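> kindly generate the corresponding structure for this input.
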Amino acid sequence: MPTFFEKLIAETRAEQMEMTRIPQIMDACSGRITRESYIAYLSQAYHHVRHTVPLMMAAGARLPQNKEFLRSALVEYVREEAGHQEWILNDIRNADGDAETVRNGQPNAATEMMVAYAYDFIHRINPAGFFGMVFVLEGTSTALATNAAGAIQSALGLPATCFSYLRSHGSLDIDHLKYFEKLINQIDDPEDQSAIIHMARRMFLLFGNVFRSIPHTTTEARHAAIG
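Sure, this is the predicted structure:
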């Protein structure tokens with residue numbers, strides 16, 4: 001019998017494959033990216049990463065007592081993830097972007113919808129479903145960081161100080177995925193499993209839309225900055 005982690009991968013494979021075909025992701029992994037587009041990516045990353053800890057706390061607060069092992073895991077995740085949004089702002093500054101404008105600005109509609117859906121799912125449907133979002137974001141960020149950080153840095157000639165967030169989710173973050181796999185395989189409640197798979201499917205779409213919303217050319221990036 002496959003483990004739940006294996007089932008989660010298998011049942012979201014189509015959504016995963018669709019995400020790999022997003023032009024912005026394909027170009028980033030090949031180094032075909034402008035500085036403006038990289039800063040636009042970091043800007044949207046800031047606007048969803050700043051919700052990571054609040055989302056974890058919201059999910060932990062709503063988990064029932066018999067899911068204490070999941071709440072304990074969220075406590076560990078909070079310790080790991082706290083403050084990562086500030087890393088992103090530092091990367092933006094080091095790439096000559098306006099970090100304070102990003103901090104005080106609004107996310108793209110796609111980013112706002114992804115975050116809103118996560119809060120809604122936690123409060124309206126099943127807080128355990130949040131682990132479907134963890135699966136998507138950690139897996140995608142690890143793959144993107146490993147494949148794209150070096151290519152982007154080489155193409156743009158930016159210093160390593162512009163990639164602290166991206167590289168923090170690179171090869172070294174594989175241990176986090178191993179931890180996630182071990183954790184997720186302890187979940188045997190069919191309703192929780194179904195919620196996690198459903199959330200993961202929706203998050204591949206919604207997170208994919210975040211990438212699709214990032215300006216894809218120099219002209220688009222400049223218009224986005226003006227608008």
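> the helices in this structure, which residues?
Remark: helices assigned in the chain by DSSP state H are 4-11, 13-20, 23-30, 35-49, 52-62, 68-81, 84-94, 99-104, 109-124, 130-156, 164-168, 174-184, 190-212, 218-226.
> want to throw those into TSV with mean neighbour count and mean pLDDT?
(C-beta placed from N, C-alpha, C; glycine too.) Converted to TSV, these look like this (neighbours: other CB atoms under 10 Å; pLDDT from 0 to 100):
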stretch	mean neighbour count	mean pLDDT
helix 4-11	16	95
helix 13-20	14	91
helix 23-30	18	85
helix 35-49	23	93
helix 52-62	19	95
helix 68-81	16	90
helix 84-94	19	93
helix 99-104	15	94
helix 109-124	17	96
helix 130-156	20	82
helix 164-168	20	82
helix 174-184	15	82
helix 190-212	19	96
helix 218-226	13	47
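> who's in contact with residue 138?
By CB atoms under 8 Å, 6 or more residues apart in numbering, the residues touching residue 138 are 169, 173, 176, 177, 180.
> distance to residue 213 for the residues you listed - can I get that in TSV?
Converted to TSV, the contacts of residue 138 look like this (distance: CB to CB, whole Å):
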residue	distance to residue 213
169	20
173	24
176	26
177	26
180	27
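> closest to residue 129 among the residues you listed?
The nearest member of these to residue 129, counting by CB to CB, is residue 180 at 14.5 Å.
> surely that closest one meets residue 133?
No: under the criterion of CB atoms under 8 Å, residue 180 is not in contact with residue 133, lying 11.5 Å apart.
> report the central residue of the chain.
Nearest residue to the geometric centre of the chain (CA atoms, centre = their mean): residue 137, 3.3 Å.
> ok, residue 80 to residue 186 distance?
Residue 80 is 19 Å from residue 186, where distance means CB to CB, to the nearest Å.
> can you check residue 201 too?
For residue 201, the distance to residue 186 - CB to CB - is 21 Å.
> and what of residue 117?
Remark: distance between residue 117 and residue 186 (CB to CB) = 25 Å.
> then residue 72?
Look at residue 72 and residue 186: by CB to CB, they are 11 Å apart.
> repeat for residue 79
Shown here: residue 79 relative to residue 186, a distance of 20 Å by CB to CB.
> before we move on, what about residue 21?
According to CB to CB, residue 21 and residue 186 sit 33 Å apart.
> with residue 59 instead?
Residue 59 is 16 Å from residue 186, by CB to CB.
> go on, residue 71?
If you go by CB to CB, the gap between residue 71 and residue 186 works out to 13 Å.
> ok, residue 135 next?
In this view, residue 135 and residue 186 are 14 Å apart by CB to CB.
> what does residue 133 give?
Counting by CB to CB - residue 133 and residue 186 are separated by 18 Å.
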